[in-house]
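# Quick one, what's the 3D model for this:
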Amino acid sequence: MKQSEWFESFFQKLDEKKDEIEPGDIRFYNIERLPILAKKTLKFSSECKDCNSNISKLDELVTMLPQCMESAGPRKAFEQSKNKIEKHLKTKHAHRFENYFTSLYTLLGTFLGLGIGLVVSFTVYRYLNQNSLLIFTALGLFFGRILGRRRDKMQNSSDLQL
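Next up is the predicted model:
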């Protein structure tokens, strides 16, 4: 079966099963991400043996979908399989989730701004000045967010985003 035909049948099976699943479960277990995982796995299946084997795992995930949400054991197996596929795409093929770098750089920028604010506060004012702390923390947050968004856009344009 061709890759495009497999993806179409995969998407059709998933679409049929979505009606049987609670909307909260769809959001909580990120079932909407399965077509993206399938597309990325298909992209690398010709050159990566793990991706090639993950195609059958994705088929299994879709076939077990409505029943696996009813009890804890199958639900855990579903999550572990999906997370294993996501982890493979992240580690071996350098894919990241949407807004990953925005969040990371915002956090790092905030801490960096806080650190710079503390240093400036103690060197210039000789005591803890809350205004300099606030200003440098806000600047770090702002620039971290800008750099993170830029990096996320580069990831998206390189088709490396999940």
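
# Show me the shaky parts of this protein.
Scanning the chain for pLDDT under 70 picks out 1.

# where along it do the helices fall?
Remark: helices assigned in the chain by DSSP state H are 3-18, 23-28, 34-44, 49-63, 65-68, 72-93, 100-124, 130-157.

# Let me see the contact set for the residue nearest the centre of the chain.
Ranked by distance to the mean C-alpha position of the chain (CA atoms, centre = their mean), the top residue is Phe97 at 2.5 Å. By CB atoms under 8 Å, 6 or more residues apart in numbering, Phe97 lies in contact with 161-162. (Glycine included, C-beta is placed from N, CA and C.)

# Next up, phi/psi of the residue of the chain positioned farthest from its centre, please.
Going by CA atoms, centre = their mean, the residue of the chain most distant from its centre is Arg126, 43.6 Å out. Arg126 adopts backbone torsions of phi 70, psi 10, taken as degrees, to the nearest 10.

# how many other residues sit next to the closest residue to Leu34 other than its chain neighbours?
Distances taken as CB to CB, 6 or more residues apart in numbering place Leu14 nearest to Leu34, at 5.9 Å, with adjacent residues excluded. Neighbourhood size, Leu14 [other CB atoms under 10 Å]: 18.

# Identify the residues contacting Leu14.
Contacts of Leu14 (CB under 8 Å, 6+ apart): 31, 34-35, 62, 65.

# Compare these and tell me which is most surrounded.
Highest count within the contacts of Leu14 by other CB under 10 Å belongs to Leu65, 23 neighbours.

# Distance check, that one against Leu58.
11 Å (CB to CB, to the nearest Å).

# likewise Gly109?
When distance is defined by CB to CB, Gly109 is 37 Å away from Leu58.

# can you check Ile146 too?
For Ile146, the distance to Leu58 (CB to CB) stands at 36 Å.

# Looking at those two, which has the bigger crowd around it?
Leu58 (22 against 14).

# Find the nearest non-adjacent residue to the more buried one, please.
Leaving out its chain neighbours, the residue that sits closest to Leu58 by CB to CB, 6+ apart is Ala38, at 5.2 Å.
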